[in-house]
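Asker: Got a predicted structure plus its sequence, pasted below:
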Amino acid sequence: MILRNLSTDAEVARHIRPAYSFSKRLKGLMFTDELASGCGLHILPCQSVHTHFMRYPIDVVYLTKDLVVVDIDENLPPGKFGRRKKGAHSVLELPTGTVSRTNIQIGHYLEIENKN
């Protein structure tokens, strides 16, 4: 799946994996060695995340049902809890620096589309 920022007309990531089942949401990125540039994880439903059992920091983008950015945690280090955000319906976990590099801001509209 491809992640685009409709507010800036920019591609954010080309390889977004869905985590829509209980088991995929539960595992998330735990025990992985890295999250490569251009990759990410979309967790749905989700209002908060943690980075326990992770080996690297991540950027976290909290989204409404309509994929509007309602909050952001940049460079969330391993072993921490992200904020629980009221109004968030899903969360994007991205490589650290992605939010800054792609200028994602609260209020931006995002789009996740299948490559097929």
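Answerer: Received the coordinates, thanks.
Asker: low pLDDT regions in the protein?
Answerer: For the chain, applying pLDDT under 70 flags the ranges 116.
Asker: Of all residues in it, which one is nearest the centre?
Answerer: Leu92 (1.4 Å; Cα atoms, centre = their mean).
Asker: That one looks like it's in a helix, true?
Answerer: No. Read with DSSP: H, G, I helix; E, B strand; the rest coil, Leu92 is strand and lies in no helix.
Asker: Show me where this protein has its helices.
Answerer: 22-27, 98-102 (DSSP state H).
Asker: Ranking the ones you listed by mean neighbour count, which comes first?
Answerer: helix 98-102 (a mean of 18; mean count of other Cβ atoms under 10 Å). Where C-beta positions appear, they are placed from N, C-alpha and C, glycine not excepted.
Asker: Off-centre distance for it?
Answerer: Offset of helix 98-102 from its chain centre (Cα atoms, centre = their mean, to the nearest Å): 12 Å.
Asker: contacts for it?
Answerer: 5, 8, 10, 12-13, 37, 40, 59, 61, 72, 74, 104 (Cβ atoms under 8 Å, 6 or more residues apart in numbering).
Asker: Ok, stretch 11-19 next?
Answerer: The contact list for stretch 11-19 (Cβ under 8 Å, 6+ apart) reads 1-5, 24-25, 27-28, 36, 38-44, 92, 94, 98, 102, 104, 110, 112.
Asker: Filter these down to the buried ones, ChimeraX style.
Answerer: Buried residues within these, by 16 or more other Cβ atoms under 10 Å, are selected in ChimeraX with:
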select :1,3,4,5,25,28,38,39,40,41,42,43,44,92,94,98,102,104,110,112
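Asker: Gln105 and Val12, how far apart?
Answerer: 12 Å (Cβ to Cβ, to the nearest Å).
Asker: Which of the two has more residues huddled nearby?
Answerer: Taking other Cβ atoms under 10 Å, Gln105 and Val12 do not tie; Val12 has more neighbours (25 against 12).
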